[in-house]
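# Any chance you can model this:
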Amino acid sequence: MPTTTQAPADSTSPPSEFIRGIGPLAAISLVVGSMIGSGIFIVSADIGRQLGAWGPGALLVVWIITGAMTVTGALAYAELAAMMPKAGGQYVYLREGLSPLAGFLYGWTLFAVIQTGTIAAVAVAFAKFLSILVPGITPDVFLPLGQVRLPGAADAIQLGLSPQRVVAILMIAVLTALNMRGVTLGAAIQTVFSVAKVGALAALVLLGLTLFRQPDIAAANFSGFWGTGDWSLAVVPLIGAAMVGSLFSSDAWNNVTFAAAEVQNPSRNLPRALAIGTGTVSLLYILANVAYLNMLPFWGAPNGGDVLARGLQYAAEDRVGTAAIEVAVGAGAATVMAVAILLSTFGCNNGLILSGPRVYYAMARDRLFFARAGTLHPEYRTPIFGLVTQAVWAMVLCISGTYGQLLDYVVFAALVFYFLTTLALFRLRRTQPDLPRPVKAFGYPVLPALYLASVGALMVILLFEKPLFTWPGLLIVASGVPVYLLWRRGVRA
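Presented below is the predicted three-dimensional model:
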């Protein structure tokens with residue numbers, strides 16, 4: 001562990017300040033762009049397979065609950081964001097609201113799993129859709145690198161390189177290089193791609209409910225809307241487990257708080273960005289699934305001969321968005337849709353790559369991460385070391401598994417800290433009641449309490465329904481405790 005190489009937080013030669021290059025629109029774009037990636041175009045297939053007996057109704061229930069949780073969580077975070085608009089965002093809220101250890105565990109898990117795992121998953125999804133345009137970009141591993149078997153897992157995770165994983169690694173490298181050039185460039189890229197992806201998703205919704213609507217398919221889906229499953233309390237754990245995909249698709253809305261030190265008028269613009277961004281995306285996601293049900297049969301067969309026979313449940317490589325457009329206007333439109341999704345995933349990863357190193361910067365300034373992560377490039381004012389180390393680890397994760405495995409791995413760890421951060425909101429109200437609060441949590445204490453309860457219940461469900469990655473994810477969080485103690489010992493040495 002580095003000791004003498006770390007500069008103290010109160011050094012007489014502080015690093016250059018961040019540039020406030022993120023305006024109101026760019027802040028909203030960072031929320032929207034970080035949320036909308038590939039998930040909305042993919043994960044409904046897996047949700048449909050898990051809840052097939054409960055029909056299209058269960059699919060929409062999953063997305064509605066996810067949307068409600070996301071918006072409620074963002075409204076709770078609005079108070080924290082306005083109160084502490086500092087680089088690091090959620091790390092700072094946990095550090096100030098609970099303890100330095102809680103903040104460190106978040107930063108540790110963000111680097112190890114949450115941010116880098118999401119970057120890897122979105123990059124793999126980018127490569128998956130690129131394979132529509134370039135068929136040679138296959139998921140077939142051409143260079144095996146071994147395998148890892150986690151405790152309780154039925155199958156080992158195969159490590160290796162495939163054309164898709166190579167493309168994912170190259171994508172991460174390109175976006176990291178671009179974000180080294182300054183936050184103004186990164187924010188501009190984010191705004192352009194966010195506008196494009198919202199437009200594409202809105203067009204899918206509008207056309208799917210009007211011009212591209214398939215009346216016979218829609219009638220079949222909605223006549224059997226609630227399926228044949230038993231809608232008793234026994235279905236609750238199944239719905240909770242199926243929410244992994246939708247939660248992953250709706251995650252990363254908190255990333256705008258990481259870059260708070262670069263947001264103009266943050267006490268005003270951060271809460272607005274959180275509320276407007278999450279509300280817009282959640283509504284689009286629900287409507288997109290309604291559009292899917294108007295274009296694709298919900299039920300299908302895994303070996304179906306065409307897109308209609310496979311249905312939503314078994315869309316080729318889970319590409320539901322592409323399958324829906326193919327039903328409407330043929331394979332040519334599927335190519336157009338693939339291009340739109342490529343733009344979406346590219347913009348999503350730009351936001352993720354931009355924001356993560358701001359947390360590592362804050363940790364380094366607290367002497368809890370490598371000292372170099374707490375310095376900025378003298379010209380571009382960007383945390384170069386944090387960007388590079390984040391990219392390297394995300395690339396390693398790209399070779400570790402499939403899209404589904406990565407998102408399972410990420411979601412539970414993220415939920416742990418959404419839960420703890422909401423606890424910090426309540427604790428700060430009690431321990432620091434006089435702290436300036438330019439914006440207060442909407443519906444306090446009822447709505448934040450409901451969010452806390454729903455996240456807690458979902459965590460319990462996932463621990464037992466998705467043990468392959470939730471338990472190891474929890475162990476990764478816990479493993480940060482000895483690492484924290486080592487860092488603290490290093491500082492004292």
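
# okay, CA-based contacts and neighbour counts for the rest of this
Will do.

# in the stretch 1-150 of the chain, which spans are strands?
With strands called from DSSP state E, counting those that start in this stretch, the stretch 1-150 of the chain shows them at 143-148.

# shaky segments in it?
1-16, 148-150 (pLDDT under 70).

# got any ranges where the stretch 151-300 of the chain has weak pLDDT?
In the stretch 151-300 of the chain (pLDDT under 70), the answer is 151-157.

# chain center to stretch 334-352, what's the gap?
What separates the centre of stretch 334-352 from the centre of its chain is 15 Å, taken as Cα atoms, centre = their mean, to the nearest Å.

# cool, stretch 181-197 as well?
The answer for stretch 181-197 is 18 Å, by Cα atoms, centre = their mean.

# Equivalent analysis for stretch 328-346, please.
21 Å.

# Tell me which residues of that stretch come out buried.
Residues 328, 333-335, 337-346 are the ones in stretch 328-346 that count as buried (16 or more other Cα atoms under 10 Å).

# Ok, stretch 61-80 next?
62-67, 69-80.

# Among the buried residues of stretch 328-346, name the ones in helices.
328, 333-335, 337-346 (DSSP state H).

# tell me which of these is nearest to residue 185?
Closest approach to residue 185 among these (Cα to Cα): residue 346, at 14.7 Å.

# Only alpha carbons, please: show the helix or strand containing residue 321 as PDB.
According to DSSP states H and E, residue 321 maps onto helix 320-329. The C-alpha trace of helix 320-329 is given here as PDB (Å, rounded to 0.1, in the frame of the first residue of the first chain):
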ATOM      1  CA  VAL A 320     -36.200  -7.900 -28.600                       C
ATOM      2  CA  GLY A 321     -36.000  -4.400 -30.000                       C
ATOM      3  CA  THR A 322     -34.600  -5.600 -33.300                       C
ATOM      4  CA  ALA A 323     -37.100  -8.500 -33.500                       C
ATOM      5  CA  ALA A 324     -40.000  -6.100 -33.000                       C
ATOM      6  CA  ILE A 325     -39.000  -3.900 -35.900                       C
ATOM      7  CA  GLU A 326     -38.300  -6.900 -38.100                       C
ATOM      8  CA  VAL A 327     -41.900  -8.100 -37.600                       C
ATOM      9  CA  ALA A 328     -43.100  -4.700 -38.700                       C
ATOM     10  CA  VAL A 329     -41.100  -3.900 -41.800                       C
END
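
# Show me how far it is from its chain's centre.
25 Å.

# That helix - contacts with which helices or strands?
If you count contacts as 3 or more Cα pairs under 8 Å, 6 or more residues apart in numbering; DSSP states H and E, helix 320-329 packs onto helix 266-295, helix 307-310, helix 331-365.

# returning to that earlier point: may I see the ones in helices among the buried residues of stretch 328-346 organised as JSON lines, with distance to residue 264 and pLDDT added?
Rendered in JSON lines, the data for those read as follows (distance: Cα to Cα, whole Å; pLDDT from 0 to 100):
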{"residue": "328", "distance to residue 264": "44", "pLDDT": "84"}
{"residue": "333", "distance to residue 264": "40", "pLDDT": "76"}
{"residue": "334", "distance to residue 264": "40", "pLDDT": "77"}
{"residue": "335", "distance to residue 264": "39", "pLDDT": "85"}
{"residue": "337", "distance to residue 264": "35", "pLDDT": "80"}
{"residue": "338", "distance to residue 264": "35", "pLDDT": "82"}
{"residue": "339", "distance to residue 264": "33", "pLDDT": "89"}
{"residue": "340", "distance to residue 264": "30", "pLDDT": "85"}
{"residue": "341", "distance to residue 264": "30", "pLDDT": "85"}
{"residue": "342", "distance to residue 264": "30", "pLDDT": "91"}
{"residue": "343", "distance to residue 264": "27", "pLDDT": "90"}
{"residue": "344", "distance to residue 264": "25", "pLDDT": "91"}
{"residue": "345", "distance to residue 264": "26", "pLDDT": "92"}
{"residue": "346", "distance to residue 264": "25", "pLDDT": "94"}
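
# Using TSV, please lay out the residues you listed together with distance to residue 262.
Formatted as TSV, these follow (distance: Cα to Cα, whole Å):
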residue	distance to residue 262
328	44
333	40
334	39
335	37
337	34
338	33
339	31
340	29
341	28
342	27
343	25
344	24
345	23
346	22
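
# quick check, nearest of those residues to residue 259?
Using Cα to Cα, these come closest to residue 259 at residue 346, 19.2 Å.

# what sits against the closest one?
37, 123, 126, 171, 193 (Cα atoms under 8 Å, 6 or more residues apart in numbering).

# May I ask you to confirm that the fourth one belongs to a helix?
Yes. Under the criterion used here (DSSP: H, G, I helix; E, B strand; the rest coil), residue 171 sits inside a helix.

# Could you report the separation of it from residue 472?
27 Å (Cα to Cα, to the nearest Å).

# If you count surrounding residues, which of the two has more?
Under the neighbour definition other Cα atoms under 10 Å, residue 171 and residue 472 were set side by side, and residue 171 has more, 22 against 18.

# which ones are touching the more buried one?
By Cα under 8 Å, 6+ apart, residue 171 lies in contact with 123, 346.

# How much space separates it from residue 183?
19 Å.

# and what of residue 449?
35 Å.

# Among those two, which residue is more densely surrounded?
Between residue 449 and residue 183, residue 183 has the larger neighbour count (other Cα under 10 Å), namely 23 against 17.

# Please enumerate the helices of the stretch 1-150 of the chain.
Along the stretch 1-150 of the chain, the segments classed as helices by DSSP state H, counting those that start in this stretch run 24-35, 44-50, 55-83, 90-97, 100-109, 115-133.

# To residue 206, which of those helices lies closest?
Between the helices of the stretch 1-150 of the chain, helix 55-83 lies closest to residue 206; by Cα to Cα that is 17.5 Å.

# Show me what the closest one is packed up against.
Looks like helix 55-83 contacts helix 44-50, helix 215-223, helix 235-250, helix 266-295, helix 403-431, helix 446-465 (3+ Cα pairs under 8 Å, 6+ apart).

# Verify the stated contact: residue 353 with residue 177.
No. Using Cα atoms under 8 Å, residue 353 is not in contact with residue 177; the gap is 10.0 Å.

# Which one of the two is surrounded by more residues?
The neighbour count for residue 353 versus residue 177, taken as other Cα under 10 Å, is higher for residue 353 (28 against 14).

# which residues touch the more buried one?
119, 175-176, 179, 387, 390-391.

# possible to save the helices and strands packed on helix 320-329 as TSV with distance to residue 320?
Below are these laid out as TSV (distance: least, Cα to Cα, whole Å):
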stretch	distance to residue 320
helix 266-295	8
helix 307-310	10
helix 331-365	10
